[in-house]
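**Student:** Could you look at this predicted model? Sequence included:
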Amino acid sequence: QVQLVESGGGLVQAGGSLRLSCAASGRTFSSYAMGWFRQAPGKEREFVAKISWSGGRTYYADSVKGRFAISRDNVKNTLYLQMNSLTPEDTAVYYCAASQSSYSDSPRRYDYWGQGTQVTVSS
């Protein structure tokens, strides 16, 4: 199995940027496709971005396309989410997740989850 720890969240003004990190330990990081999800208060957890095992494929939710960038470093065992042009609608707890068998945007297909990091965007 793999353990995931997110960091990099915080409070930022609208239009600003943040970079989230997700440090993985345990089983070989490159064995997992990775995803970022977020959950705002009172809402369901929603897909943000995903990246394939080698990092060669990425995919984004329409709401973040062109503003967010997912990447991974399989040597440093770390997943990243660069978030630019943030808006108050991006306010949520952000989670990274690992899937051994699926490159998916469904949270049900992910096997391991981090504890989440809060991102708050003020207007």
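**Tutor:** Arrived safely, thanks for sending.

**Student:** partner residues bridging the residue nearest the centre of the chain?
**Tutor:** Using CA atoms, centre = their mean, the residue of the chain that lies closest to the mean C-alpha position is Trp36, 2.4 Å off. With DSSP bridges as the criterion, Trp36 is bridged to Ala49, Cys96.

**Student:** swap in Gln82?
**Tutor:** Arg19, Ala69.

**Student:** Wait, it touches Gly8, no?
**Tutor:** No. Taking CB atoms under 8 Å as the definition, Gln82 is not a contact partner of Gly8, at 9.8 Å. Yep, even glycine has a C-beta here, placed from its N, CA and C like the rest.

**Student:** shared neighbours, the two?
**Tutor:** Common contacts of Gln82 and Gly8, defined by CB atoms under 8 Å, 6 or more residues apart in numbering, comprise Arg19.

**Student:** now the strands: where do they sit in the protein?
**Tutor:** 2-7, 10-13, 18-26, 33-39, 46-51, 58-60, 68-73, 78-83, 92-99, 112-113, 117-122 (DSSP state E).
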